[in-house]
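# Generate a structure from the sequence data that follows.
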Amino acid sequence: QVQLVESGGGLVQAGDSLRLTCAASGRTFSSNAMGWFRQAPGKEREFVASINWSGGSTNYADSVKGRFTISRDNAKNTVYLQMNSLKPEDTAKYYCAATSTFSGVRMTPGPYNYWGQGTQVTVSS
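Now for the predicted structure:
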């Protein structure tokens, strides 16, 4: 059974940093793209960041570019999201996603067929 388990969320103040971790089990995703999405209450799930199979290519939503960094460790079957200079508008539940089909970055939810349960990030002003 494939599982993606996120951790690292929490309550922080504006300007603080958090590092989210997504650990995959049940199969390896070393040949596949992975990504992070987020969903705030009353809003649709939105793309945050994506990373290709090797970690050599990444893509970010404009709202997080320059503040967030996605990375991966294929030996650990794990993807990370380093979030710096957090803002109240970053408050959301953050979801890790993986695709079994694509190796390059993907910025829409459709290509991702595995999802974690999410971790809450709350940024106070």
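
# Which pLDDT does the model give G26?
Here, the pLDDT recorded for G26 equals 95.

# Identify the residue nearest it in space, chain neighbours excluded?
In this structure, G26 finds its nearest non-sequential neighbour in V2, 3.7 Å apart by Cβ to Cβ, 6 or more residues apart in numbering. Just so you know, the C-beta spots here come from the backbone N, C-alpha and C atoms, and that holds for glycine as well.

# need the contact list for that neighbour.
By Cβ atoms under 8 Å, 6 or more residues apart in numbering, V2 lies in contact with 24-27, 114.

# quick one, helices of this structure?
Using DSSP state H, the chain contains no helices.

# Any stretches of it with poor pLDDT?
Of all residues in the chain, none has pLDDT under 70.

# quick one, strands of it?
Using DSSP state E, the strands found in the chain span residues 3-7, 10-13, 18-25, 34-39, 46-51, 58-60, 68-73, 78-83, 92-98, 114-115, 119-124.

# what's the closest of those to T108?
Closest approach to T108 among those (Cβ to Cβ): strand 46-51, 6.8 Å.

# Can you show me the CA trace of that closest one as PDB?
Below are the C-alpha coordinates for strand 46-51, written out as PDB (Å, rounded to 0.1, in the frame of the first residue of the first chain):
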ATOM      1  CA  GLU A  46      -3.600  25.300  -5.400                       C
ATOM      2  CA  PHE A  47      -0.200  24.400  -6.700                       C
ATOM      3  CA  VAL A  48       2.800  25.300  -4.600                       C
ATOM      4  CA  ALA A  49       5.800  23.600  -6.000                       C
ATOM      5  CA  SER A  50       6.900  20.600  -8.100                       C
ATOM      6  CA  ILE A  51      10.200  18.800  -8.500                       C
END
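
# what helices or strands is that strand leaning on?
Contacts defined by 3 or more Cβ pairs under 8 Å, 6 or more residues apart in numbering; DSSP states H and E place strand 46-51 against strand 34-39, strand 58-60, strand 68-73, strand 78-83.

# Parallel or antiparallel, list what pairs with it.
Strands that pair with strand 46-51, judged by DSSP bridges, come out as strand 34-39 (antiparallel), strand 58-60 (antiparallel).
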